[in-house]
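Peer 1: Could you work out the structure for the sequence below:
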Amino acid sequence: MNEQPSYKALGEETIPPSFALLERIAIALENLKEKPTLSLGFCTPPSSQYIFVGNEPEQGLWYFLGENNSKNYIPEKGLTGTIKSLEIVHREFKNKEQIKLDITIECDRTYVVRTGFGTVFSKELLLALNTLSSEVLALPLTIAVAPGDETVVFARVYDGATKKPIMAEWQSEADFNGIEPRYV
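Peer 2: From the prediction side, this is the model:
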């Protein structure tokens, strides 16, 4: 007579060891579904991509710098993500100090949109963001560029989920230095 293998008792059921192992594997695989997976292989380095705002007719409204500082224009007019920070930075360009506004946005990767602090783009952006509560600022927003006259670029801000525009009344005399620190 062949003896039956001994089974481990669980409650009222008895489960063969191979089934218990399969059950543990199934549970482990189910847990993997809940955790983000790390992509292996070639990828874009996890560094920030700087995006510059500038109205260049026939080219585009924003771009990033490629090899040899060549401008790579971005055809899309909007960037949707979560704003992580706003920062005023001082940079020297052509032997002159310039004040810039860096907007860090978390999207498919981290982007830093850089624009002149005194530009129409930065003023419109700051006015629109200033109308939002802290809770809404923590949600995805779409920042869009729109062409103006000559070198002017307008900023448009939209709710990332509803796509509704976030309107702000233009205030040419607004204290933009007083608005910005709220987000840093």
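
Peer 1: only C-alpha atoms for contact and neighbour calcs from this point on.
Peer 2: Fine.

Peer 1: Would you mind finding the longest strand in this protein?
Peer 2: strand 78-93 (DSSP state E).

Peer 1: Using CSV, write down the CA coordinates of that strand.
Peer 2: The C-alpha coordinates for strand 78-93 follow below in CSV (Å, rounded to 0.1, in the frame of the first residue of the first chain):
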residue,chain,number,x,y,z
GLY,A,78,0.1,73.0,-22.4
LEU,A,79,1.9,71.2,-19.6
THR,A,80,-0.1,69.3,-17.0
GLY,A,81,1.3,68.4,-13.6
THR,A,82,1.5,69.3,-10.0
ILE,A,83,3.4,72.5,-9.1
LYS,A,84,6.0,71.6,-6.6
SER,A,85,7.6,75.0,-6.1
LEU,A,86,8.1,78.6,-7.4
GLU,A,87,11.5,80.1,-7.0
ILE,A,88,13.0,83.5,-7.9
VAL,A,89,16.5,83.0,-9.1
HIS,A,90,19.2,85.4,-10.1
ARG,A,91,21.2,84.5,-13.2
GLU,A,92,23.9,86.2,-15.2
PHE,A,93,23.3,86.3,-18.9
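
Peer 1: quick one, strands of the chain?
Peer 2: 8-10, 13-15, 49-56, 60-65, 71-73, 78-93, 96-106, 110-116, 141-147, 153-159.

Peer 1: For these, give me a markdown table that also has mean neighbour count, mean pLDDT and distance to Arg24.
Peer 2: Shown next, in a markdown table, are the strands of the chain (neighbours: other Cα atoms under 10 Å; pLDDT from 0 to 100; distance: least, Cα to Cα, whole Å):
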| stretch | mean neighbour count | mean pLDDT | distance to Arg24 |
| --- | --- | --- | --- |
| strand 8-10 | 10 | 49 | 14 |
| strand 13-15 | 12 | 57 | 12 |
| strand 49-56 | 19 | 90 | 43 |
| strand 60-65 | 20 | 91 | 49 |
| strand 71-73 | 16 | 92 | 51 |
| strand 78-93 | 16 | 91 | 38 |
| strand 96-106 | 18 | 93 | 37 |
| strand 110-116 | 21 | 94 | 38 |
| strand 141-147 | 21 | 93 | 42 |
| strand 153-159 | 21 | 92 | 44 |
